[in-house]
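Engineer: here is my input, please return the structure:
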Amino acid sequence: MKSSNARSLRNASLMLCAAVMSVDALAAKPVDVRVTVTADTAGPRIEPAVYGQFVEQLGTGVYGGLWVGPESTIPNTRGWRNDVVEALRRVGVPVMRWPGGCFADDYDWRDGIGDPAKRPARTNKWWGGLESNRVGTHEFMDLAEMLGSEVYLAGNMGSMPPRAMAEWLEYMTADGKSALAEERRRNGRDRPWAVKYMGIGNESWGCGGNMRPEYQSDLHNQYATFLRGSALRVASGEGETNDHLVEVLMERSGPHMDAFTLHYYTLPGDWKNKGEALGFDAHAWAKTLKTAMGIEPRIAAVSRIMDKYDKDKRIALYVDEWGTWYDTPAGASALWQQNSLRDAIVAALSFNVFHRHTERVKMTNIAQMVNVLQAMVLTDGTRMLLTPTYHVFDLYKPFRGATPLEATVEGPHWQQDDIVLPAVDVSAARAADGSILLALVNLDPERPARVATNLKVKAPVRGRILTAAAMDAHNTFAATGTLVPAPYFAKPAKAALTLELPPKSIVVVEIPAAR
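Structural biologist: Numbering: from 1, shown residues only. So this is what the prediction gives:
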């Protein structure tokens, strides 16, 4: 983007933010909220992998979204779109999970190696259409290196034997002169790759095999036994509020896993009628946020069961699929949906939850990266846009590696029909340089909030804000800068720092360490 365009977007964003704040200030009296931050740490550091991504071979998530092929007229590097790769580099991708999802448990890794012209096309049984296998192991690992991302592979426990999963890992990571290492070299890669995480199956209670927990546990132990190397072994966890599954896996397979997974999707409706991504009313706004905040009691419940069998907390909890899921519009590719301010609020609330549970939560992976569900990026031919969710990932970047702090919130709730939610949600952390980070979310779509803190400051506090006048404000290919962050300032006060939050807003500020 040229500098003049960037300045125009920034100025437009500033004017929009000012307009929203002034209109709302006149329309509604601010609610008073008190936030108390203590120096006590609230858990281990926030792992960068909490801001991980998920890439599944479906719809235009890979083909057309990330990958266009080296022969494409769209600028690319070895087939990967330059514009998308550059955007992802800017926001940072600590870890990527691939190739699924449900796709993973019907995937034969050998279909995706060797001469691309000779790779077999397979029916994508879960998401429709043909999988060309043009993007396979070598191509994905190339993308991971381009992004500086750790690799989290979803291995096929649903329809392939243990030896196949073990051979895939050996093919990628073996040095020396083994047959699989030599095959990799013949296919164009001399040095072994690093694979940090190896998923053993996906949603084994559902699309990964419809298994009983006891049967899955036996299988997991079998597959895990044959995985050699340094990759962390990740057990397929739960996504249906099934405490029994967690109990069985932790009791019987705990010694054979390094992490356990949780899937949690946010729907304003049900699985038959999920709801619309745009054009929703205040009730759907409130229902979506209430559902999103339901991830916290679920994390707490799973963690309590894990604590029974893993008192030292050796086994991590990975929320490796999370995000909003709406109905796919007619004519759109599989699981495509728009992304609005509501999705940004969901992302911010989710990050605040993850920050409060760092004793267990060491990785999360939003579903998904490009053109699928709560995507970071949307593409259409040569065009690309960054979604509000992308901007939340960018706003929260300072929290990566920071240490969470205790933050208590006192203030009113807001109610929409029968739904009652807190007006403001907060996350606080101390960065490596000693500065204090605050992320504040005003859930109320109508009323501003005046947040009084106990933090003494001597200079203006700076940060950024994401907000808009409409609940479903979003970016389009014709107007990519409709919803982007704007600078935020809070003046010092004699008492303590007070922050003014417009309705339906996200604010992240940094308070420098005292000198």
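
Engineer: contacts, neighbours, all on C-alpha from now
Structural biologist: Will do.

Engineer: list the neighbouring strands of the longest strand along the chain plus their orientation.
Structural biologist: For the chain, the strand reaching the highest residue count under DSSP state E is reported as strand 31-41. Sheet pairing of strand 31-41 (DSSP bridges) gives strand 403-410 (antiparallel), strand 449-453 (parallel).

Engineer: next SSE downstream of the shortest one?
Structural biologist: Translated: strand 449-453. strand 461-466 (DSSP states H and E).

Engineer: in its sheet, what does that next one sit against?
Structural biologist: In the sheet, strand 461-466 lines up with strand 486-490 (antiparallel), strand 505-511 (antiparallel) (DSSP bridges).

Engineer: run through who's touching the longest one.
Structural biologist: It stands for strand 505-511. 345, 348, 395-396, 435-443, 457, 461-468, 488, 501 (C-alpha atoms under 8 Å, 6 or more residues apart in numbering).

Engineer: at 6 Å what do you get?
Structural biologist: 435-442, 462-467 (C-alpha atoms under 6 Å, 6 or more residues apart in numbering).

Engineer: check stretch 441-455 too.
Structural biologist: If you take C-alpha under 6 Å, 6+ apart as the criterion, stretch 441-455 is touched by 28, 30-36, 423-425, 496-506.

Engineer: from those, list the buried ones, please.
Structural biologist: 30-35, 423-425, 497-506 (16 or more other C-alpha atoms under 10 Å).

Engineer: about what we covered before: redo the contacts of strand 505-511 as a markdown table? Include distance to residue 484 and pLDDT.
Structural biologist: What follows is the contacts of strand 505-511, written out as a markdown table (distance: C-alpha to C-alpha, whole Å; pLDDT from 0 to 100):
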| residue | distance to residue 484 | pLDDT |
| --- | --- | --- |
| 435 | 25 | 95 |
| 436 | 24 | 96 |
| 437 | 20 | 97 |
| 438 | 19 | 98 |
| 439 | 17 | 98 |
| 440 | 17 | 98 |
| 441 | 16 | 98 |
| 442 | 17 | 98 |
| 462 | 17 | 96 |
| 463 | 14 | 98 |
| 464 | 10 | 98 |
| 465 | 9 | 98 |
| 466 | 6 | 98 |
| 467 | 8 | 98 |
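
Engineer: grab the most central residue of this structure for me.
Structural biologist: In the chain, the C-alpha nearest the mean C-alpha coordinate belongs to residue 366, at 2.5 Å (C-alpha atoms, centre = their mean).

Engineer: so who does that residue touch?
Structural biologist: Contacts of residue 366 (C-alpha under 6 Å, 6+ apart): 53-54, 321-323.

Engineer: what about 7 Å?
Structural biologist: Listed by C-alpha atoms under 7 Å, 6 or more residues apart in numbering, the contact set of residue 366 reads 52-54, 320-323.

Engineer: next one: residue 324
Structural biologist: 265-267, 343, 373-374.

Engineer: do that again at 6 Å, thanks
Structural biologist: For residue 324, the contact set (C-alpha under 6 Å, 6+ apart) comprises 265-266, 374.

Engineer: any idea how far stretch 451-468 is from the chain center?
Structural biologist: 26 Å (C-alpha atoms, centre = their mean, to the nearest Å).

Engineer: in PDB, list the C-alpha atoms belonging to it.
Structural biologist: C-alpha atoms of stretch 451-468 as PDB (Å, rounded to 0.1, in the frame of the first residue of the first chain):
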ATOM      1  CA  VAL A 451     -13.300   2.700  33.100                       C
ATOM      2  CA  ALA A 452     -11.500   3.900  36.200                       C
ATOM      3  CA  THR A 453      -8.300   2.000  37.100                       C
ATOM      4  CA  ASN A 454      -5.900   1.900  40.100                       C
ATOM      5  CA  LEU A 455      -3.000   2.600  37.800                       C
ATOM      6  CA  LYS A 456      -1.000   5.800  38.300                       C
ATOM      7  CA  VAL A 457       0.400   7.400  35.200                       C
ATOM      8  CA  LYS A 458       2.400  10.600  34.600                       C
ATOM      9  CA  ALA A 459       2.200  10.800  30.800                       C
ATOM     10  CA  PRO A 460      -0.400  10.200  28.200                       C
ATOM     11  CA  VAL A 461      -1.200   6.500  27.600                       C
ATOM     12  CA  ARG A 462      -1.200   5.400  24.000                       C
ATOM     13  CA  GLY A 463      -2.800   2.400  22.300                       C
ATOM     14  CA  ARG A 464      -5.200   1.600  19.600                       C
ATOM     15  CA  ILE A 465      -9.000   1.200  19.300                       C
ATOM     16  CA  LEU A 466     -11.300  -0.800  17.000                       C
ATOM     17  CA  THR A 467     -14.900   0.300  16.800                       C
ATOM     18  CA  ALA A 468     -17.600   1.300  14.400                       C
END
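
Engineer: next, the buried residues of that stretch.
Structural biologist: So, applying 16+ other C-alpha under 10 Å, buried residues of stretch 451-468: 451-453, 457, 461, 463-468.

Engineer: just to revisit the earlier point, who wins for proximity to residue 306 among the strands paired with strand 31-41?
Structural biologist: strand 403-410 (21.5 Å; C-alpha to C-alpha).
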